[in-house]
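A.B. asks: Provided below for reference: sequence and predicted model.
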Protein chains: 2
Amino acid sequence: MKVSELAAQSGVALATIKYYLREGLLMPGEPTSATGARYGEQHVRRLALIRALAGAGLAIPRIRAVLELVDTDERSEFETFGRAIAQLPPYVEPEPDPEFPRARKVLEFLGQVFEPRYVAVAHLERALIGLEDAGLSLSDERLRAYGDHIRGIAEVEIELMPTSSTEDGIRYAVLGTAMYEPVLTALRRLAHQDLAARHFPQHRESTEQENR
Amino acid sequence: MKVSELAAQSGVALATIKYYLREGLLMPGEPTSATGARYGEQHVRRLALIRALAGAGLAIPRIRAVLELVDTDERSEFETFGRAIAQLPPYVEPEPDPEFPRARKVLEFLGQVFEPRYVAVAHLERALIGLEDAGLSLSDERLRAYGDHIRGIAEVEIELMPTSSTEDGIRYAVLGTAMYEPVLTALRRLAHQDLAARHFPQHRESTEQENR
(Lines give C-alpha, C1' and ligand atoms only; values in the text may rest on other atoms or scores of the structure.)
Protein backbone atom coordinates (compact mmCIF):
# COMPACT_ATOMS: atom_id res chain seq x y z
CA MET A 1 0.00 0.00 0.00
CA LYS A 2 1.04 3.62 -0.46
CA VAL A 3 1.97 5.79 2.51
CA SER A 4 -1.40 7.58 2.25
CA GLU A 5 -3.15 4.23 2.51
CA LEU A 6 -0.94 3.31 5.46
CA ALA A 7 -2.09 6.52 7.16
CA ALA A 8 -5.73 5.69 6.47
CA GLN A 9 -5.45 2.08 7.65
CA SER A 10 -3.38 2.78 10.77
CA GLY A 11 -5.21 5.94 11.80
CA VAL A 12 -1.84 7.71 12.20
CA ALA A 13 -1.51 11.10 10.48
CA LEU A 14 0.69 11.21 7.36
CA ALA A 15 2.98 13.85 8.88
CA THR A 16 3.44 11.65 11.96
CA ILE A 17 4.29 8.64 9.81
CA LYS A 18 6.91 10.69 7.99
CA TYR A 19 8.31 11.81 11.32
CA TYR A 20 8.56 8.18 12.53
CA LEU A 21 10.30 7.25 9.26
CA ARG A 22 12.83 10.07 9.68
CA GLU A 23 13.41 9.10 13.32
CA GLY A 24 13.93 5.49 12.32
CA LEU A 25 11.10 4.19 14.49
CA LEU A 26 9.22 2.92 11.45
CA MET A 27 11.18 0.75 9.02
CA PRO A 28 11.35 2.13 5.42
CA GLY A 29 8.93 0.75 2.82
CA GLU A 30 10.02 -1.08 -0.32
CA PRO A 31 11.04 1.64 -2.86
CA THR A 32 8.82 1.82 -5.96
CA SER A 33 10.23 5.04 -7.48
CA ALA A 34 12.60 7.87 -6.59
CA THR A 35 10.07 9.23 -4.09
CA GLY A 36 7.50 6.46 -3.57
CA ALA A 37 7.53 3.29 -1.49
CA ARG A 38 5.22 0.39 -0.71
CA TYR A 39 4.19 -0.49 2.83
CA GLY A 40 2.73 -3.67 4.30
CA GLU A 41 1.21 -5.28 7.37
CA GLN A 42 4.48 -5.06 9.30
CA HIS A 43 4.24 -1.26 9.06
CA VAL A 44 0.66 -1.26 10.30
CA ARG A 45 1.67 -3.46 13.24
CA ARG A 46 4.70 -1.31 14.01
CA LEU A 47 2.62 1.89 13.96
CA ALA A 48 0.13 0.31 16.36
CA LEU A 49 2.98 -0.57 18.72
CA ILE A 50 4.53 2.91 18.52
CA ARG A 51 1.18 4.49 19.23
CA ALA A 52 0.55 2.19 22.17
CA LEU A 53 4.00 2.90 23.65
CA ALA A 54 3.42 6.65 23.25
CA GLY A 55 0.05 6.16 24.94
CA ALA A 56 1.86 4.47 27.84
CA GLY A 57 3.81 7.71 28.35
CA LEU A 58 7.09 6.88 26.58
CA ALA A 59 9.05 9.63 24.83
CA ILE A 60 10.61 8.98 21.40
CA PRO A 61 14.07 7.85 22.63
CA ARG A 62 12.44 5.34 24.97
CA ILE A 63 10.11 4.07 22.26
CA ARG A 64 13.20 3.61 20.08
CA ALA A 65 14.91 1.61 22.83
CA VAL A 66 11.91 -0.75 23.12
CA LEU A 67 11.70 -1.19 19.34
CA GLU A 68 15.41 -2.02 19.16
CA LEU A 69 14.81 -4.74 21.74
CA VAL A 70 11.89 -6.05 19.69
CA ASP A 71 14.12 -6.13 16.61
CA THR A 72 17.14 -7.92 18.09
CA ASP A 73 16.90 -11.53 19.16
CA GLU A 74 20.41 -11.79 20.57
CA ARG A 75 19.77 -11.46 24.25
CA SER A 76 17.96 -13.76 26.64
CA GLU A 77 14.23 -13.16 26.96
CA PHE A 78 14.50 -12.30 30.62
CA GLU A 79 17.17 -9.71 29.95
CA THR A 80 15.28 -8.28 26.98
CA PHE A 81 12.11 -7.93 29.03
CA GLY A 82 13.98 -6.28 31.90
CA ARG A 83 15.57 -3.75 29.57
CA ALA A 84 12.28 -3.04 27.83
CA ILE A 85 10.33 -2.50 31.06
CA ALA A 86 13.11 -0.22 32.34
CA GLN A 87 12.02 2.28 29.66
CA LEU A 88 8.70 2.85 31.40
CA PRO A 89 7.97 5.72 33.78
CA PRO A 90 8.35 6.66 36.56
CA TYR A 91 11.94 7.85 36.09
CA VAL A 92 13.34 8.28 39.57
CA GLU A 93 15.07 11.65 39.90
CA PRO A 94 16.96 12.37 42.03
CA GLU A 95 18.13 8.84 42.75
CA PRO A 96 17.60 7.78 46.35
CA ASP A 97 20.39 6.23 48.44
CA PRO A 98 21.85 3.60 46.08
CA GLU A 99 21.94 1.11 48.95
CA PHE A 100 18.10 1.24 48.93
CA PRO A 101 17.93 0.33 52.64
CA ARG A 102 14.13 0.56 52.88
CA ALA A 103 13.46 -1.46 49.74
CA ARG A 104 16.01 -4.06 50.81
CA LYS A 105 14.26 -4.54 54.15
CA VAL A 106 10.85 -4.90 52.46
CA LEU A 107 12.08 -7.40 49.88
CA GLU A 108 13.91 -9.45 52.50
CA PHE A 109 10.72 -9.55 54.56
CA LEU A 110 8.81 -10.81 51.50
CA GLY A 111 11.50 -13.36 50.64
CA GLN A 112 12.03 -11.81 47.21
CA VAL A 113 15.30 -11.28 45.41
CA PHE A 114 16.94 -7.90 46.19
CA GLU A 115 18.73 -6.80 43.03
CA PRO A 116 19.57 -3.07 43.14
CA ARG A 117 19.98 -2.96 39.37
CA TYR A 118 16.26 -3.58 38.90
CA VAL A 119 14.79 -0.14 38.25
CA ALA A 120 11.72 -0.94 40.36
CA VAL A 121 13.92 -1.20 43.46
CA ALA A 122 14.57 2.55 43.13
CA HIS A 123 10.81 3.08 42.62
CA LEU A 124 10.10 1.16 45.83
CA GLU A 125 12.74 3.06 47.81
CA ARG A 126 11.32 6.37 46.59
CA ALA A 127 7.75 5.28 47.46
CA LEU A 128 8.87 4.21 50.95
CA ILE A 129 10.54 7.59 51.49
CA GLY A 130 7.24 9.18 50.45
CA LEU A 131 5.44 7.16 53.13
CA GLU A 132 7.88 8.32 55.79
CA ASP A 133 7.51 11.95 54.71
CA ALA A 134 3.73 11.62 54.96
CA GLY A 135 3.97 10.05 58.42
CA LEU A 136 2.51 6.72 57.25
CA SER A 137 3.78 3.35 58.39
CA LEU A 138 4.21 0.02 56.63
CA SER A 139 3.41 -2.54 59.31
CA ASP A 140 4.25 -6.22 58.89
CA GLU A 141 0.52 -6.98 58.63
CA ARG A 142 0.06 -4.53 55.77
CA LEU A 143 3.22 -5.59 53.99
CA ARG A 144 2.33 -9.29 54.24
CA ALA A 145 -1.09 -8.59 52.68
CA TYR A 146 0.45 -6.40 49.97
CA GLY A 147 3.11 -8.96 49.14
CA ASP A 148 0.73 -11.94 48.97
CA HIS A 149 -1.96 -10.24 46.92
CA ILE A 150 0.40 -8.48 44.53
CA ARG A 151 2.16 -11.78 43.97
CA GLY A 152 -1.19 -13.38 43.15
CA ILE A 153 -1.83 -10.65 40.58
CA ALA A 154 1.65 -10.99 39.09
CA GLU A 155 1.29 -14.77 38.80
CA VAL A 156 -1.86 -14.47 36.69
CA GLU A 157 -0.22 -11.76 34.58
CA ILE A 158 2.80 -13.96 33.85
CA GLU A 159 0.57 -16.97 33.10
CA LEU A 160 -1.33 -14.91 30.54
CA MET A 161 1.82 -13.75 28.72
CA PRO A 162 1.70 -14.68 25.02
CA THR A 163 4.48 -17.05 23.96
CA SER A 164 3.92 -16.74 20.20
CA SER A 165 6.98 -14.53 19.58
CA THR A 166 9.50 -12.34 21.37
CA GLU A 167 7.81 -9.27 19.86
CA ASP A 168 4.43 -10.31 21.28
CA GLY A 169 6.09 -11.04 24.62
CA ILE A 170 7.81 -7.65 24.82
CA ARG A 171 4.69 -5.85 23.68
CA TYR A 172 2.73 -7.58 26.44
CA ALA A 173 5.40 -7.01 29.10
CA VAL A 174 5.89 -3.31 28.38
CA LEU A 175 2.32 -2.35 27.57
CA GLY A 176 0.82 -4.67 30.17
CA THR A 177 3.06 -3.32 32.93
CA ALA A 178 2.03 0.23 32.03
CA MET A 179 -1.60 -0.12 30.98
CA TYR A 180 -3.00 -2.52 33.61
CA GLU A 181 -1.49 -0.33 36.34
CA PRO A 182 -4.20 2.39 36.22
CA VAL A 183 -6.86 -0.36 36.07
CA LEU A 184 -5.53 -1.79 39.35
CA THR A 185 -5.27 1.69 40.88
CA ALA A 186 -8.88 2.52 40.00
CA LEU A 187 -10.10 -0.88 41.26
CA ARG A 188 -8.36 -0.26 44.59
CA ARG A 189 -10.15 3.04 45.11
CA LEU A 190 -13.46 1.49 44.07
CA ALA A 191 -12.92 -1.43 46.46
CA HIS A 192 -12.38 1.09 49.27
CA GLN A 193 -15.64 2.80 48.40
CA ASP A 194 -17.50 -0.48 48.08
CA LEU A 195 -16.24 -1.66 51.47
CA ALA A 196 -16.89 1.72 53.09
CA ALA A 197 -20.42 1.85 51.66
CA ARG A 198 -21.12 -1.50 53.34
CA HIS A 199 -19.52 -0.24 56.53
CA PHE A 200 -21.51 3.02 56.65
CA PRO A 201 -24.72 1.97 54.85
CA GLN A 202 -26.82 4.76 56.34
CA HIS A 203 -24.68 7.42 54.70
CA ARG A 204 -24.49 6.07 51.20
CA GLU A 205 -27.37 7.99 49.72
CA SER A 206 -26.13 11.47 50.59
CA THR A 207 -22.67 10.61 49.33
CA GLU A 208 -23.95 9.39 46.02
CA GLN A 209 -25.36 12.86 45.49
CA GLU A 210 -22.32 14.87 46.45
CA ASN A 211 -19.26 12.81 45.92
CA ARG A 212 -17.97 14.76 42.92
CA MET B 1 6.34 29.76 69.83
CA LYS B 2 7.22 32.55 67.39
CA VAL B 3 6.79 32.07 63.65
CA SER B 4 10.57 31.66 63.27
CA GLU B 5 10.48 28.84 65.82
CA LEU B 6 7.52 27.30 64.00
CA ALA B 7 9.63 27.31 60.84
CA ALA B 8 12.53 25.65 62.64
CA GLN B 9 10.36 23.02 64.33
CA SER B 10 8.25 22.14 61.26
CA GLY B 11 11.06 22.31 58.72
CA VAL B 12 8.90 24.56 56.52
CA ALA B 13 10.54 27.75 55.25
CA LEU B 14 9.37 31.00 56.81
CA ALA B 15 8.27 32.42 53.43
CA THR B 16 6.22 29.29 52.79
CA ILE B 17 4.55 29.56 56.21
CA LYS B 18 3.63 33.18 55.46
CA TYR B 19 2.23 32.09 52.11
CA TYR B 20 0.09 29.39 53.77
CA LEU B 21 -1.14 31.96 56.30
CA ARG B 22 -2.12 34.38 53.50
CA GLU B 23 -3.83 31.56 51.57
CA GLY B 24 -5.75 30.54 54.69
CA LEU B 25 -4.35 27.01 54.70
CA LEU B 26 -2.67 27.59 58.07
CA MET B 27 -4.84 29.03 60.83
CA PRO B 28 -3.60 32.36 62.29
CA GLY B 29 -1.62 32.34 65.52
CA GLU B 30 -2.71 34.05 68.69
CA PRO B 31 -1.80 37.77 68.30
CA THR B 32 0.86 39.02 70.72
CA SER B 33 1.42 42.47 69.21
CA ALA B 34 0.52 44.50 66.10
CA THR B 35 2.78 42.27 63.98
CA GLY B 36 3.62 39.22 66.11
CA ALA B 37 1.67 36.07 66.95
CA ARG B 38 2.17 32.91 68.97
CA TYR B 39 1.89 29.46 67.39
CA GLY B 40 1.39 26.04 68.91
CA GLU B 41 1.27 22.31 68.31
CA GLN B 42 -1.84 22.57 66.12
CA HIS B 43 0.19 24.71 63.68
CA VAL B 44 3.01 22.16 63.58
CA ARG B 45 0.49 19.38 62.91
CA ARG B 46 -1.28 21.41 60.24
CA LEU B 47 1.99 22.20 58.46
CA ALA B 48 2.91 18.51 58.46
CA LEU B 49 -0.46 17.69 56.89
CA ILE B 50 -0.14 20.45 54.26
CA ARG B 51 3.33 19.25 53.36
CA ALA B 52 2.19 15.63 53.08
CA LEU B 53 -0.75 16.59 50.84
CA ALA B 54 1.56 18.65 48.64
CA GLY B 55 3.87 15.65 48.52
CA ALA B 56 0.92 13.53 47.33
CA GLY B 57 0.65 15.86 44.31
CA LEU B 58 -2.18 18.14 45.44
CA ALA B 59 -2.25 21.77 44.29
CA ILE B 60 -3.16 24.54 46.76
CA PRO B 61 -6.93 24.66 45.99
CA ARG B 62 -7.19 20.90 46.48
CA ILE B 63 -5.20 21.05 49.71
CA ARG B 64 -7.61 23.75 50.87
CA ALA B 65 -10.58 21.51 50.02
CA VAL B 66 -9.16 18.65 52.09
CA LEU B 67 -8.38 20.96 55.03
CA GLU B 68 -11.92 22.33 54.95
CA LEU B 69 -13.21 18.77 55.21
CA VAL B 70 -10.86 18.13 58.14
CA ASP B 71 -12.17 21.28 59.84
CA THR B 72 -15.92 20.67 59.45
CA ASP B 73 -17.62 17.85 61.29
CA GLU B 74 -21.07 18.33 59.78
CA ARG B 75 -21.17 15.65 57.13
CA SER B 76 -21.16 11.89 57.46
CA GLU B 77 -17.73 10.26 57.62
CA PHE B 78 -18.33 8.31 54.42
CA GLU B 79 -19.27 11.45 52.53
CA THR B 80 -16.37 13.42 53.98
CA PHE B 81 -13.91 10.70 53.00
CA GLY B 82 -15.34 10.49 49.47
CA ARG B 83 -15.05 14.23 49.00
CA ALA B 84 -11.51 14.30 50.37
CA ILE B 85 -10.28 11.43 48.19
CA ALA B 86 -11.88 13.06 45.13
CA GLN B 87 -9.23 15.81 45.48
CA LEU B 88 -6.46 13.35 44.56
CA PRO B 89 -4.99 12.91 41.08
CA PRO B 90 -5.47 11.66 38.44
CA TYR B 91 -7.91 14.31 37.20
CA VAL B 92 -9.65 12.79 34.22
CA GLU B 93 -9.61 15.17 31.25
CA PRO B 94 -11.34 14.95 28.90
CA GLU B 95 -14.16 13.09 30.59
CA PRO B 96 -14.95 9.75 28.99
CA ASP B 97 -18.51 8.76 28.05
CA PRO B 98 -20.51 9.67 31.21
CA GLU B 99 -22.35 6.35 30.97
CA PHE B 100 -18.99 4.63 31.68
CA PRO B 101 -20.05 1.47 29.80
CA ARG B 102 -16.72 -0.37 30.27
CA ALA B 103 -16.42 0.44 33.97
CA ARG B 104 -20.06 -0.54 34.52
CA LYS B 105 -19.49 -3.96 32.94
CA VAL B 106 -16.36 -4.56 35.06
CA LEU B 107 -18.04 -3.54 38.32
CA GLU B 108 -21.11 -5.64 37.58
CA PHE B 109 -18.85 -8.62 36.88
CA LEU B 110 -17.15 -8.07 40.26
CA GLY B 111 -20.47 -7.60 42.07
CA GLN B 112 -19.50 -4.11 43.22
CA VAL B 113 -21.67 -1.04 43.41
CA PHE B 114 -21.66 1.00 40.17
CA GLU B 115 -22.01 4.63 41.21
CA PRO B 116 -21.03 6.98 38.36
CA ARG B 117 -20.53 9.86 40.79
CA TYR B 118 -17.52 8.12 42.33
CA VAL B 119 -14.53 9.77 40.66
CA ALA B 120 -12.70 6.44 40.42
CA VAL B 121 -15.37 5.17 38.01
CA ALA B 122 -14.13 7.73 35.48
CA HIS B 123 -10.54 6.63 36.26
CA LEU B 124 -11.49 3.03 35.56
CA GLU B 125 -13.29 3.90 32.31
CA ARG B 126 -10.26 5.91 31.15
CA ALA B 127 -7.89 3.04 32.04
CA LEU B 128 -10.08 0.54 30.15
CA ILE B 129 -10.06 2.79 27.07
CA GLY B 130 -6.26 2.85 27.37
CA LEU B 131 -6.21 -0.96 27.33
CA GLU B 132 -8.33 -1.05 24.18
CA ASP B 133 -6.09 1.51 22.46
CA ALA B 134 -3.04 -0.60 23.32
CA GLY B 135 -4.72 -3.75 21.98
CA LEU B 136 -4.76 -5.43 25.42
CA SER B 137 -7.67 -7.46 26.72
CA LEU B 138 -9.23 -7.87 30.16
CA SER B 139 -10.29 -11.51 30.28
CA ASP B 140 -12.64 -12.83 32.94
CA GLU B 141 -9.74 -14.81 34.44
CA ARG B 142 -7.60 -11.68 34.79
CA LEU B 143 -10.43 -9.56 36.09
CA ARG B 144 -11.45 -12.16 38.68
CA ALA B 145 -7.84 -12.28 39.97
CA TYR B 146 -7.58 -8.49 39.99
CA GLY B 147 -10.90 -8.09 41.77
CA ASP B 148 -10.19 -10.67 44.48
CA HIS B 149 -6.65 -9.57 45.25
CA ILE B 150 -7.37 -5.85 45.18
CA ARG B 151 -10.30 -6.43 47.50
CA GLY B 152 -7.98 -8.30 49.86
CA ILE B 153 -5.63 -5.32 49.87
CA ALA B 154 -8.47 -2.84 50.39
CA GLU B 155 -9.86 -4.87 53.31
CA VAL B 156 -6.58 -4.70 55.21
CA GLU B 157 -6.28 -0.99 54.43
CA ILE B 158 -9.75 -0.27 55.82
CA GLU B 159 -9.08 -2.44 58.89
CA LEU B 160 -5.94 -0.44 59.62
CA MET B 161 -7.72 2.94 59.40
CA PRO B 162 -7.27 4.95 62.62
CA THR B 163 -10.53 5.70 64.41
CA SER B 164 -9.12 8.21 66.91
CA SER B 165 -10.60 11.28 65.15
CA THR B 166 -12.11 12.41 61.86
CA GLU B 167 -8.93 14.35 61.14
CA ASP B 168 -6.81 11.22 61.58
CA GLY B 169 -9.27 9.26 59.44
CA ILE B 170 -9.21 11.78 56.58
CA ARG B 171 -5.46 12.10 56.78
CA TYR B 172 -5.16 8.32 56.48
CA ALA B 173 -7.74 8.02 53.71
CA VAL B 174 -6.29 10.77 51.52
CA LEU B 175 -2.60 10.21 52.15
CA GLY B 176 -2.94 6.43 52.29
CA THR B 177 -4.81 6.28 48.99
CA ALA B 178 -2.09 8.37 47.34
CA MET B 179 1.08 7.22 49.06
CA TYR B 180 0.63 3.43 49.24
CA GLU B 181 -0.22 3.41 45.51
CA PRO B 182 3.40 3.72 44.28
CA VAL B 183 4.43 1.10 46.84
CA LEU B 184 1.94 -1.35 45.32
CA THR B 185 3.01 -0.39 41.79
CA ALA B 186 6.68 -1.02 42.56
CA LEU B 187 5.88 -4.30 44.33
CA ARG B 188 3.97 -5.49 41.26
CA ARG B 189 6.95 -4.87 38.98
CA LEU B 190 9.28 -6.55 41.46
CA ALA B 191 6.96 -9.55 41.74
CA HIS B 192 7.08 -9.86 37.95
CA GLN B 193 10.87 -9.85 38.02
CA ASP B 194 11.01 -12.28 40.94
CA LEU B 195 8.66 -14.71 39.17
CA ALA B 196 10.46 -14.30 35.84
CA ALA B 197 13.86 -14.87 37.48
CA ARG B 198 12.55 -18.19 38.81
CA HIS B 199 11.12 -18.99 35.39
CA PHE B 200 14.34 -18.21 33.49
CA PRO B 201 16.96 -19.03 36.13
CA GLN B 202 19.77 -19.52 33.63
CA HIS B 203 19.48 -15.91 32.43
CA ARG B 204 19.43 -14.12 35.70
CA GLU B 205 23.09 -13.35 36.03
CA SER B 206 23.46 -11.49 32.74
CA THR B 207 20.35 -9.44 33.49
CA GLU B 208 21.62 -8.43 36.85
CA GLN B 209 24.54 -6.82 35.13
CA GLU B 210 22.71 -4.97 32.41
CA ASN B 211 19.24 -4.27 33.56
CA ARG B 212 19.68 -0.54 34.05
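C.D. replies: In hand now; what should we look at?
A.B. asks: so which strand or helix has the residue positioned nearest the centre of chain A?
C.D. replies: Central residue of chain A (CA atoms, centre = their mean): residue A:178, 2.1 Å from the mean position. Using DSSP states H and E, residue A:178 sits within helix A:166-179.
A.B. asks: and that helix, what's buried?
C.D. replies: Neighbour counts over helix A:166-179 (16 or more other CB atoms under 10 Å in any protein chain shown) mark A:166-167, A:169-179 as buried. In short, each C-beta sits where N, CA and C put it, glycine included.
A.B. asks: and for stretch A:45-65?
C.D. replies: By 16+ other CB under 10 Å, the buried positions in stretch A:45-65 come out as A:46-53, A:56, A:58, A:62-64.
A.B. asks: including distance to residue A:138, could those residues go into JSON lines?
C.D. replies: Output for the buried residues of stretch A:45-65, formatted as JSON lines (distance: CB to CB, whole Å):
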{"residue": "A:46", "distance to residue A:138": "42"}
{"residue": "A:47", "distance to residue A:138": "43"}
{"residue": "A:48", "distance to residue A:138": "40"}
{"residue": "A:49", "distance to residue A:138": "37"}
{"residue": "A:50", "distance to residue A:138": "38"}
{"residue": "A:51", "distance to residue A:138": "38"}
{"residue": "A:52", "distance to residue A:138": "34"}
{"residue": "A:53", "distance to residue A:138": "32"}
{"residue": "A:56", "distance to residue A:138": "28"}
{"residue": "A:58", "distance to residue A:138": "30"}
{"residue": "A:62", "distance to residue A:138": "30"}
{"residue": "A:63", "distance to residue A:138": "35"}
{"residue": "A:64", "distance to residue A:138": "37"}
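A.B. asks: ok, the residues you listed vs chain B, which is closest?
C.D. replies: Of all the buried residues of stretch A:45-65, residue A:52 has the smallest distance to chain B: 4.0 Å, by CB to the nearest CB.
A.B. asks: from residue A:126, how far out is the residue nearest to the centre of chain A?
C.D. replies: Distance, residue A:178 to residue A:126, by CB to CB, to the nearest Å: 18 Å.
A.B. asks: ditto for residue A:147
C.D. replies: In terms of CB to CB, residue A:147 sits 18 Å off from residue A:126.
A.B. asks: for chain A, which segments count as strands?
C.D. replies: Secondary structure of chain A (DSSP state E): strands located at A:30-31, A:37-38.
A.B. asks: okay, now the sheet partners of the first one, with direction.
C.D. replies: Put plainly, it is strand A:30-31. strand A:37-38 (antiparallel) (DSSP bridges).
A.B. asks: follow-up on the earlier one: keep only the buried residues of stretch A:45-65 that also lie close to chain B.
C.D. replies: Applying CB under 8 Å from any CB of the partner chain to these, one finds that A:48, A:51-52, A:56 fall near chain B.
A.B. asks: output the below-cut-off pLDDT ranges for chain A.
C.D. replies: A:73-75, A:94, A:201-212 (pLDDT under 70).
A.B. asks: wouldn't residue A:10 be in contact with residue A:50 here?
C.D. replies: No: between residue A:10 and residue A:50 there is no contact, the gap being 9.5 Å when judged by CB atoms under 8 Å.
A.B. asks: my read: residue A:69 touches residue A:85, true?
C.D. replies: No: counting by CB under 8 Å, residue A:69 stays clear of residue A:85, with 10.0 Å between them.
A.B. asks: what are the ranges of the helices in chain A?
C.D. replies: Assigned by DSSP state H, chain A shows helices spanning A:3-10, A:14-23, A:41-55, A:60-71, A:77-85, A:101-110, A:119-133, A:140-159, A:166-179, A:181-199, A:204-210.
A.B. asks: distance to residue B:90 for the ones you listed - can I get that in TSV?
C.D. replies: Listed next are these as TSV, based on distance: least, CB to CB, whole Å:
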stretch	distance to residue B:90
helix A:3-10	28
helix A:14-23	25
helix A:41-55	15
helix A:60-71	21
helix A:77-85	22
helix A:101-110	25
helix A:119-133	17
helix A:140-159	20
helix A:166-179	14
helix A:181-199	8
helix A:204-210	21
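A.B. asks: count of neighbours near residue A:41?
C.D. replies: 9 (other CB atoms under 10 Å in any protein chain shown).
A.B. asks: quick one: it from chain B, how far?
C.D. replies: According to CB to the nearest CB, to the nearest Å, residue A:41 stands 14 Å off from chain B.
A.B. asks: phi and psi next, for residue A:96.
C.D. replies: phi -70, psi 180 (degrees, to the nearest 10).
A.B. asks: show me what contacts the nearest residue to it once chain neighbours are set aside?
C.D. replies: Spatial nearest neighbour of residue A:96, excluding adjacent residues (CB to CB, 6 or more residues apart in numbering or on different chains): residue A:125 at 4.4 Å. Applying CB atoms under 8 Å, 6 or more residues apart in numbering or on different chains to residue A:125 gives the contacts A:96-97, A:100-103.
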